[in-house]
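*Asks:* Sharing a model that was predicted from the sequence below.
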Amino acid sequence: MGACTPADSKTIAELRGVTKRFGDVLAASDLNLSIREGEFLSFLGPSGCGKTTALRMLAGFEAPTEGDVLLDGDVVNDLEAHHRPVNMVFQQYALFPHMTVAQNIGYGLRQRRPRLPKEQIADKVSKTLEVVQLGGFEDRKIWEMSGGQQQRVALARAIINEPKLLLLDEPMAALDRKLRKEMQIELQDLQRQLGITFVLVTHDQEEALSMSDRICIMRDGRIVQVGSPQELYDRPNSRYVADFVGTSNFFDGKVADQSGELTTVCLNNGLHVRGTPVGELISSGEVTISVRPEQMTLHRQGDGLAVEVRNRIFLGEHTEYLVNHEALGDFLVLSPRQSELTEGAFGVGDKAIVSWEDSAALVLDRN
Amino acid sequence: MRLYAVCVYLFLYIPIGVIALFSFNAGRHASQLQGFSTKWYGKALSNPFVMDALETSLIVAFTSALCASVFGTMAAVALQGIKGPIRAAFDLLIYVAVMIPGIVIGIATLIGLVTVFDQLNPLIAAIWPNGFTPPKLRMGMGSLIAAHTMFLMALVVIIVRARLAGMDRALTEASSDLYATPMATFRQVTLPIISPAILAGFLLSFTFSFDDFIIAFFVAGSETTLPIYVFSSIRRGVTPEINAIGTMVLVVSLLMLITAQLLLQRGGKKQNDSR
């Protein structure tokens, strides 16, 4: 997917120091973000983190309190939604209940002035229905359609206008799990096929990781980190991101030595661990070490942390061990099937040694 | 408890039933049944006074219901966009307008209009060109329609507001997202969705205006509506003809109320289904 969004591609939309207040509530604070033409960008975060507010400011439903929203290089802060070349797929689809499928999809085209000929609209509607695999459903009523079909109608109603940005507000939230997987793949295909810039809002990290070219992680109205799914997974800039994207083990401690390329951290039990510093560490030196479970290995002997196996879950290609260290407590180790085949599996109650590469241990800001 | 409830319902509905029953009485006395006949219906419908009063009532009911529906809808839509204490104040005033007894509205409108007319009439006469008789503002059809429109508007506002509140805000946002101007959004999305409520409000208003006696009694001037006609004829004794008129009014009113109720229910259901 990286191929269709070269890093030097043009910026299609931008948030510059955007802050949004609703009364006393700070919904978005100093957002700075460039959205590249043709990319699939996701806003990821828990509810109330400001991701929907960011989307609504791009759509034109909210105006920023401070800062600028730019579309195609122009400041559009006060441009109303109906003047913006941007379309949105709403969470509950917001299809017009009194119109047929075709009337819903043609709605945007019917607002154009000068008016488009009826035949041209009908022709485009049926072509768009083909694109979302609903050919022949023109005259259906909205309430006759299933949830998945309604979503396709909502999608068709937006993409028929060939918007500069397609905004998707938790579009899969109302679908069941199986349908959600199917729609994720379809949405990705569609995005590649149309070349439209997609901006998705979601609280589902799996969804964001599997679909996006870039993810913008938000927390309490602020952008925490922006990057490709791999960057966020491998180089999270804070404990929050490491915890939100994938699973990780965290050990709190204080910076003991920061002179070399690696930072030495004194863990709370007095143990010294070396790790790679990521992002800016706060001056107090209160940090956390993050190690992904799959980057830890279990041995029968050697250097490392002496632990006791508490639980073992066989997952097929991996085995998940819950281990306990006297001072550090419980944490997870993910062991590939191959190493179990060669070294033999550990049973519950077995003593083991856990170790990891220095580069796998990330020294992060504790927040 | 159950017996008590039965008694209440009997007390409420027996008089109405008796009126309907006696309207088919063949004899001319209201107190004894003398066989079945529909002749009183024929008689009522061929009575020029009844037909005149009916015409007045229909014109007043239709016009005031129409005005109330238009202005009430406009008010409801406008109120939807307002928040805070101003809206709370308007909400309160609207409920008060519905609760105020008809006699208060009647007297207040009468006094208010008469006072204003007394002030305006000399003014109009003064600015009117010489040689022409100046028009004189007085109580009549106009004041009747105005008074009815005023109190029915509150009713329409309440019905339409309920429907607007139940409407998904995302629908109007979706419309504006799809390049529709606020006016186009209102015409293409809001209006079709709230139209069952507006129609129901119209039908209810029509019924209320058609049946109203108290307000009409005060502000009708020399006009005679059907309820006023019925009231004045009762003073000469209850005839089966009056019963026939009463029964017809009852049937028409019930049909309108049922239609309004169905509109409100079906409209609400359809909207929920599409969510």
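*Replies:* Great, that's in hand.
*Asks:* what number of residues lie near residue B:51?
*Replies:* The number of residues packed near residue B:51 is 13, by other CB atoms under 10 Å in any protein chain shown. C-beta here means a position set from N, CA and C on the backbone, and glycine is covered the same way.
*Asks:* ok so it is a strand residue?
*Replies:* No. Using DSSP: H, G, I helix; E, B strand; the rest coil, the assignment for residue B:51 is helix, not a strand.
*Asks:* interface residues of the stretch 51-200 of chain A facing chain B?
*Replies:* A:59-61, A:80-83, A:86-88, A:90-92, A:94-98, A:107-108, A:111-112, A:142-143, A:157, A:161 (CB under 8 Å from any CB of the partner chain).
*Asks:* Out of these, list just those in helices.
*Replies:* A:59, A:107-108, A:157 (DSSP state H).
*Asks:* Okay, the nearest residue to residue A:357 once chain neighbours are set aside and residue A:269: tell me how far apart.
*Replies:* Leaving out its chain neighbours, the residue that sits closest to residue A:357 by CB to CB, 6 or more residues apart in numbering or on different chains is residue A:295, at 7.0 Å. Distance of residue A:295 to residue A:269, given as CB to CB, to the nearest Å: 21 Å.
*Asks:* For these two, indicate the residue with more neighbours.
*Replies:* Between residue A:295 and residue A:269, counted using other CB under 10 Å, the more crowded position is residue A:295 (17 against 12).
*Asks:* correct me, but that one touches residue A:355?
*Replies:* No. If you go by CB atoms under 8 Å, residue A:295 and residue A:355 don't touch, sitting 10.1 Å apart.
*Asks:* Tell me how chain A divides into domains.
*Replies:* Residue ranges for the domains of chain A, per automatic domain parsing: A:2-234, A:239-365.
*Asks:* Including mean pLDDT, could those domains go into a markdown table?
*Replies:* Below are the domains of chain A laid out as a markdown table (pLDDT from 0 to 100):
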| stretch | mean pLDDT |
| --- | --- |
| domain A:2-234 | 92 |
| domain A:239-365 | 87 |
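*Asks:* So the closest residue to residue A:219 other than its chain neighbours: helix, strand or coil?
*Replies:* Of all residues not flanking residue A:219 in the chain, residue A:49 sits nearest, at 5.4 Å (CB to CB, 6+ apart). Three-state call for residue A:49 (three-state DSSP): coil.
*Asks:* Can you give me every residue that contacts the closest residue to residue A:88 other than its chain neighbours?
*Replies:* Once flanking residues are discounted, residue A:88 sits nearest to residue A:167: 4.2 Å by CB to CB, 6+ apart. Applying CB atoms under 8 Å, 6 or more residues apart in numbering or on different chains, one finds that residue A:167 lies in contact with A:55, A:58-59, A:86-89, A:199, A:201.
*Asks:* residues in contact with residue A:331?
*Replies:* Residue A:331 touches A:249, A:251, A:293, A:322-323, A:325, counting by CB under 8 Å, 6+ apart.
*Asks:* Then residue B:192?
*Replies:* Here residue B:192 is in contact with residue A:98 (criterion: CB under 8 Å, 6+ apart).
*Asks:* ok so, going back, let's verify the residue nearest to residue A:88: helix, strand, or coil?
*Replies:* strand.
*Asks:* Mind listing the residues bridging to it?
*Replies:* Applying DSSP bridges to residue A:167 gives these bridge partners: residue A:88, residue A:199.
*Asks:* Comparing the domains of chain A, which stretch has the densest surroundings?
*Replies:* domain A:2-234 (a mean of 18; mean count of other CB atoms under 10 Å in any protein chain shown).
*Asks:* Any idea how far apart the tips of stretch A:189-209 sit?
*Replies:* 16 Å (CA to CA, to the nearest Å).
*Asks:* Measure how far that stretch is from the centre of its chain, please.
*Replies:* How far stretch A:189-209 lies from its chain's middle: 9 Å, per CA atoms, centre = their mean, to the nearest Å.
*Asks:* of all the contacts of residue A:331, which comes closest to residue A:189?
*Replies:* The nearest member of these to residue A:189, counting by CB to CB, is residue A:293 at 32.2 Å.
*Asks:* How about the contacts made by that closest one?
*Replies:* Contacts for residue A:293 (CB under 8 Å, 6+ apart) come out as A:247-249, A:320, A:331-334.
*Asks:* Out of those residues, which two sit at the greatest distance?
*Replies:* It's A:248 and A:320 that sit farthest apart of these, by CB to CB, at 13.6 Å.
*Asks:* wait, doesn't the residue nearest to residue A:219 sit right on residue A:216?
*Replies:* No. Counting by CB under 8 Å, residue A:49 sits too far from residue A:216 to count as a contact (10.6 Å).
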